[in-house]
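> Whatever this is, show me its structure:
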Amino acid sequence: MQRTVIIGSGCYIPDEIKTNRDFTTHDFYGEDHQRILTPPEIVTQKFQEITGIQERRYAKQDQTSSDLAYRAAKIAIADSGIDPETLDQIIFAHNYGDVTKHHIQTDAVPSLASRLKQRLGIYNPSCIAYDVLFGCPGWLQGVIHSDAFFKAGIAKRILVVGSETLSRVIDPYDRDSMIFSDGAGATVLEYKDSETETGILACSAQSHCVDEANYINFGKSYFPDSDPRVRYIKMKGRKVYEYAIKNVPAAMKDCLDKAGVDIADVKKGFYTSSQ
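A predicted model of the protein is given here:
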């Protein structure tokens with residue numbers, strides 16, 4: 001029996017550390033563009049209590065999402081031991097393209113996957129490089145794509161990368177900006193014979209796009225005198241949380257049923273949110 005398996009993985013986390021204390025000098029504003037009177041140190045303290053986040057990493061000034069992806073992909077390919085010329089596809093999951101420091105415009109043409117392929121020195125024209133924009137679980141959707149391509153006989157080996165530099169698109173006056181950070185992860189997937197239960201057994205994905213379509217968007221800064229032409233990432237955190245509590249368990253149950261696995265036999269679980 002053939003299954004999709006991970007044969008190599010790699011990640012890159014930037015060196016620049018941004019602690020919660022760094023946000024205590026910020027003036028935070030709400031959606032109504034009114035200054036939040038709660039002292040910033042109390043805001044950051046409550047944030048840590050709720051999220052558990054104490055620090056995050058930001059990309060260096062000269063780094064972009066594709067730069068981070070390149071570092072992670074190099075490690076993943078080395079870990080797999082393959083010749084990168086044998087890759088059939090490169091799937092790059094991101095949301096905002098390459099955003100340079102002190103700029104808010106995104107750059108995603110040509111695709112980041114094409115840039116990554118060039119950086120990796122892959123000449124094989126049959127290696128198809130393309131991007132996936134799918135919110136938080138973009139890398140996971142890339143894995144689902146890979147599994148489908150394998151089963152269809154279209155590919156046998158794929159590099160899936162997820163990378164983002166959200167620090168470039170956050171509003172410093174928005175307390176939710178403390179949630180976002182930068183980093184990249186990469187995996188090499190292969191369709192191969194498996195005599196064990198190793199590999200992808202099943203998958204389940206849902207897409208709710210009614211009210212949920214507006215839970216994350218690009219919006220004006222909360223600072224009242226900000227330039228209305230400049231937009232930043234905005235997220236309705238409470239709505240996303242409520243969505244996850246309601247819908248993710250159902251998707252998990254569906255996946256377990258498809259795989260024929262009892263939840264009591266699952267040793268570990270990982271969750272990535274999106275609507």
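> Please count neighbours and contacts with C-alpha atoms only from this point.
Fine.
> what secondary structure does the closest residue to I179 other than its chain neighbours sit in?
In this structure, I179 finds its nearest non-sequential neighbour in I53, 7.8 Å apart by CA to CA, 6 or more residues apart in numbering. I53 falls in the coil class when you classify it by DSSP: H, G, I helix; E, B strand; the rest coil.
> Kindly report the same for V161.
Per three-state DSSP, V161 ends up strand.
> how close does A76 get to I158?
11 Å (CA to CA, to the nearest Å).
> The two - which one has more neighbours?
Between A76 and I158, counted using other CA atoms under 10 Å, I158 has the larger neighbour count: 29 against 25.
> in which helix or strand would I find D254?
helix 237-259 (DSSP states H and E).
> Can you list the buried residues in that helix?
Residues of helix 237-259 classed as buried: K239, V240, Y243, A244, V248, M252, D254, C255, L256 (neighbour count, 16 or more other CA atoms under 10 Å).
> what is in contact with A76 and I158 at once?
V188 (CA atoms under 8 Å, 6 or more residues apart in numbering).
> would you list every one of the strands in the stretch 101-250 of the chain?
Per DSSP state E, counting those that start in this stretch, the stretch 101-250 of the chain carries strands over the ranges 128-132, 157-165, 182-193, 216-220, 231-235.
> Measure how buried the residue nearest to I179 is and give me the count.
If we define neighbours as other CA under 10 Å, then I53 has 15 of them.
> Tell me which of the strands of the stretch 101-250 of the chain sits nearest to V266.
V266 lies closest, by CA to CA, to one member of the strands of the stretch 101-250 of the chain: strand 182-193, at 22.0 Å.
> For the stretch 51-200 of the chain, which segments are assigned as helices?
For the stretch 51-200 of the chain, the helices defined by DSSP state H, counting those that start in this stretch cover 65-80, 112-119, 138-151.
> T187: which of these is closest?
Across those, closest to T187 is helix 65-80 (CA to CA), at 5.7 Å.
> what pLDDT, on average, does that closest one get?
Per-residue pLDDT over helix 65-80 has a mean of 98.
> Show me what counts as buried in that helix.
Buried positions in helix 65-80, judged by neighbour count with 16+ other CA under 10 Å: 65-77, 80.
> Now do it against helix 112-119, angle only.
Interaxial angle, helix 65-80 versus helix 112-119 (axes from the mean of the first three to the mean of the last three CA atoms, to 10 degrees): 60 degrees.
> What helices and strands are in contact with helix 65-80?
Contact analysis of helix 65-80 by 3 or more CA pairs under 8 Å, 6 or more residues apart in numbering; DSSP states H and E lists strand 2-12, helix 112-119, strand 157-165, strand 182-193 as its packing neighbours.
> could you redo the ones you listed as TSV and give each row mean pLDDT?
Output for the helices and strands packed on helix 65-80, formatted as TSV (pLDDT from 0 to 100):
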stretch	mean pLDDT
strand 2-12	93
helix 112-119	98
strand 157-165	97
strand 182-193	94
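> Determine which stretch of these is the most buried.
strand 157-165 (a mean of 29; mean count of other CA atoms under 10 Å).
> Paired strands for it, with orientation please.
strand 89-93 (parallel), strand 182-193 (antiparallel) (DSSP bridges).
> nearest to F28, of the helices of the stretch 51-200 of the chain?
Between F28 and the helices of the stretch 51-200 of the chain, the tightest spacing by CA to CA is seen for helix 65-80, at 27.0 Å.
> now H26: how far from F223?
H26 is 12 Å from F223, by CA to CA.
> Now for these two: what residues contact both?
Y173.
> For these two, indicate the residue with more neighbours.
Neighbours per residue (other CA under 10 Å) separate H26 from F223, with F223 holding more: 21 against 15.
> I figured that one was touching Y173, is that so?
Yes: the pair F223 / Y173 is scored as a contact, 6.1 Å apart, by CA atoms under 8 Å.
> Can you check which residues contact both of those two?
By CA under 8 Å, 6+ apart, the residues touching both F223 and Y173 are Y29.
> if we can go back for a sec, got the helices of the stretch 51-200 of the chain as TSV, with distance to T187 columns?
Formatted as TSV, these follow (distance: least, CA to CA, whole Å):
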stretch	distance to T187
helix 65-80	6
helix 112-119	14
helix 138-151	9
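> most distant residue from the middle of the protein?
L37 (32.8 Å; CA atoms, centre = their mean).
> That concludes my questions; thank you for your assistance.
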